[in-house]
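Novice: What would the 3D arrangement of this be:
(chains A and B)
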Amino acid sequence: GAGVSQSPSNKVTEKGKDVELRCDPISGHTALYWYRQSLGQGLEFLIYFQGNSAPDKSGLPSDRFSAERTGGSVSTLTIQRTQQEDSAVYLCASSLGQGTNEKLFFGSGTQLSVL
Amino acid sequence: GDSVTQMEGPVTLSEEAFLTINCTYTATGYPSLFWYVQYPGEGLQLLLKATKADDKGSNKGFEATYRKETTSFHLEKGSVQVSDSAVYFCALSDMAGNTGKLIFGQGTTLQVKP
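Specialist: Model (predicted):
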């Protein structure tokens, strides 16, 4: 596609429910990243994929958070038993995956609100 | 671990004023440094970058110089426009593992008034 696409753009859920957030990276981009942007905070790294593998999951805040990537393309971030502190904008980014100077292309994010 | 600290916002300027947004970093090794910008309602996009000491990144009238001695990468623009109103993020590349992962500062909101 033309850019990184995320869905849904907004999600309102009740505390304790599970949610799935989807990211469609730019075609041909092997690297995919999930970040979280909380109100007044910077971007917090969650997880990095190279192809379908996740060599860096160091930013996942708890075992309620998981992510997968299939076919080297679409990724899904799942949050189980959501809590109010999970409310944030979840951003996905992709790149060609060729090293540390790569430009990251970001989606517009999913605004998650946990009531 | 590696980290980035930006000046707190919001920064409010009149059109044509000079802009500086301070950014300092802590890192092992010599990371690449970036400024990303988030315009209202849009995703983050790369504004400029510098990959080694004394390099100057520039784009759209914005500049930033990689200063190893002061571990800084301050963003400057000589004359801001209303259209520059956005949130600006300083970032560094995490050199461990060659993942391309970026570590971001907390962001600085810039509001330019006509």
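
Novice: Give the residue spans of the chain that score low on pLDDT.
Specialist: As the question left the chain open, I've gone with chain A. Flagging of chain A using pLDDT under 70 yields the residue ranges A:1.

Novice: Wait, chain B was what I had in mind.
Specialist: B:97.

Novice: how about 80 then?
Specialist: Chain B contains residues with pLDDT under 80 at B:95-98.

Novice: which stretch of helix or strand covers A:Leu39?
Specialist: With elements delineated by DSSP states H and E, A:Leu39 resides in a region that no helix or strand encompasses.

Novice: ok, now B:Cys90?
Specialist: strand B:86-93.

Novice: is whichever helix or strand comes after that strand anywhere near chain A?
Specialist: Next helix or strand after strand B:86-93 toward the C-terminus (DSSP H and E): strand B:102-104. Yes. Strand B:102-104 reaches chain A (C-beta under 8 Å from any C-beta of the partner chain) through B:102-104. Every residue, glycine included, has its C-beta placed from N, CA and C.

Novice: re the thing from before, need the residues that contact the strand holding B:Cys90.
Specialist: With contacts defined as C-beta atoms under 8 Å, 6 or more residues apart in numbering or on different chains, strand B:86-93 is touched by A:42-43, A:100-101, B:2, B:4, B:6, B:21, B:23, B:25, B:27, B:31-40, B:44, B:47, B:73, B:75, B:100-105, B:107-110.

Novice: Residues of chain A that sit close to chain B?
Specialist: Contact residues (C-beta under 8 Å from any C-beta) of chain A with chain B: A:3-4, A:31, A:33, A:35, A:40-43, A:45, A:48, A:50, A:55-56, A:91, A:93, A:95, A:97-109.
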